[in-house]
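Asks: Attaching a predicted model along with its sequence, questions to come.
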Amino acid sequence: MSADDLDPDAYYAYLQPSDDSALTTFGWRWFHDGELVVDYETDLATDAFFWLERFDRSEAGIFGAADSTGMGPGRYDVEFITNGNALFTESFTVSG
């Protein structure tokens, strides 16, 4: 997938470390109403860029209904992590 071919129903994060970066991992944690529902972190390759993507191709979409994925209406906090540490958090609310 390229930046020219983004899915409008997906949520993305993009990271390209600088040449002198000490980053070794990148990931995110999604919390739904305070409960951890996604915990993903992966190793970064030198001179590489990395995408995080979250989507659901079903008719209901990513926030359509709370099920085994824990997604659905409510408050979300998405914590971006590098080297195992929280870098920053973004929050939003999905109404029913």
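Replies: Looks like it arrived, so ask away.

Asks: use CA for all of it now, contacts and neighbours both
Replies: OK.

Asks: For this structure, just list every one of the strands.
Replies: Along the chain, the segments classed as strands by DSSP state E run 11-15, 25-32, 35-43, 50-54, 74-82, 85-94.

Asks: The first one - what's its average pLDDT?
Replies: Throughout strand 11-15, pLDDT has a mean value of 67.

Asks: Please tell me I have it right and F92 contacts E79.
Replies: No - judged on CA atoms under 8 Å, F92 makes no contact with E79 at a distance of 11.8 Å.

Asks: between the two, which one's more packed in?
Replies: E79 (19 against 11; other CA atoms under 10 Å).

Asks: is that one in a bridge, and if so with what?
Replies: R29, T89 (DSSP bridges).

Asks: can you tell me how far it sits from E35?
Replies: E79 sits 12 Å away from E35, taking CA to CA, to the nearest Å as the criterion.

Asks: likewise I81?
Replies: As defined by CA to CA, I81 lies at a distance of 17 Å from E35.

Asks: Please apply the same query to F92.
Replies: 14 Å.
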